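Novice: A predicted structure for the sequence below; I have some questions about it.
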Amino acid sequence: MNVFRDAVAAEWMKVRTLRSTWAFLAGGVATTALGALILFSLVQSYDAATPADRANFETADPTVVTMPFVMFFIGAIGAMLITSEYTTRSIGPALLAVPQRRLLLGAKATVAGLVGLGCGALFALLAFADARLVLGDRPKPINPWPQWTGAIPTILCAALIVLVTCLVAMGLGAIVRSTAAALTTLGALVLVAPIFAHFLPTVWQLRLASILLPNLTPQLAGSDHPYLLSQGGAAAVTAAYVLIALTAGAVSFSRRDA
């Protein structure tokens, strides 16, 4: 237990001292600010529209715009927890300090989970604060949360999905061992795939979109959405992402030479 605690402390110190961590966090802040500007522009259009046109406005949920990018930036921190060591060749000394590979990977996963949960909650709360500030007391459909309590499930589920993304990215990093490959795969998963799904026929579009990480948030929260999964189904898919990524990462990390 002491060895695991010390390994977690070492990984936590590492993530705090990596310059890339702060760069990715800055990316999350910039994304949130851009989302607020987009939301402000949408509200201006809403205010200038006729009552009939206002009824056709889509819901201005800022998490739809900002959280996929937040997932990428925070997930990248999880990937860098392991790929940076292969890049700098410090994985050897790390294994000398903690020879039990699965214990070392568990410590990295613990830190990745903490980073994902903390940052996910922070950026989800910031997106919600932006929405409350810009939307004010405007009604549905443009305002997804006329009562602030209605946003709680979305905020919690958005934070959970960022946590899951961070763990998945760490698992990818253990498999591919390359920062470029891990970030490319992560970007394809959370940014490119949702766009690609829109070009598929409607039936396949919904089937694919429903299991993609960015689209699990509204399904977990039970909010209005066009996707196919129930809350239980979304929870099962979420758990499958973590299980598959960490299992594959652990097998790769344990069996391949450093």
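Specialist: Great, that's in hand. Numbers count the residues shown, from 1 in each chain.
Novice: point out where the stretch 151-258 of the chain drops to low pLDDT.
Specialist: Low-confidence segments of the stretch 151-258 of the chain (pLDDT under 70): 258.
Novice: can you show me the helices along it?
Specialist: When assigned using DSSP state H, counting those that start in this stretch, the helices of the stretch 151-258 of the chain occupy the ranges 152-176, 179-187, 193-197, 202-210, 213-221, 231-255.
Novice: so how far is Val168 from the residue nearest to Met67 when sequence neighbours are not counted?
Specialist: With C-beta to C-beta, 6 or more residues apart in numbering as the criterion, Met67 has its nearest non-adjacent residue at 5.4 Å, and that residue is Ala158. (C-beta placed from N, C-alpha, C; glycine too.) Remark: distance between Ala158 and Val168 (C-beta to C-beta, to the nearest Å) = 15 Å.
Novice: what residues does stretch 207-218 touch?
Specialist: The list of residues contacting stretch 207-218 from outside it, by C-beta atoms under 8 Å, 6 or more residues apart in numbering, reads 63, 67-68, 71, 154, 157-158, 161, 164-165, 168, 189-190, 193-194, 197-198, 200, 219, 224-225, 227-229, 234, 237-238, 241.
Novice: going by neighbour count, which of the residues you listed are buried?
Specialist: In the contacts of stretch 207-218, burial by neighbour count holds for 63, 67-68, 71, 154, 157-158, 161, 164-165, 168, 189-190, 193-194, 197, 219, 225, 227, 229, 234, 237-238, 241, counting by 16 or more other C-beta atoms under 10 Å.
Novice: how far off centre is the lengthiest helix in the chain?
Specialist: The longest helix of the chain (DSSP state H) is helix 101-135. What separates the centre of helix 101-135 from the centre of its chain is 8 Å, taken as C-alpha atoms, centre = their mean, to the nearest Å.
Novice: just want the angle from it to helix 231-255.
Specialist: In terms of direction (axes from the mean of the first three to the mean of the last three C-alpha atoms, to 10 degrees), helix 101-135 departs from helix 231-255 by 140 degrees.
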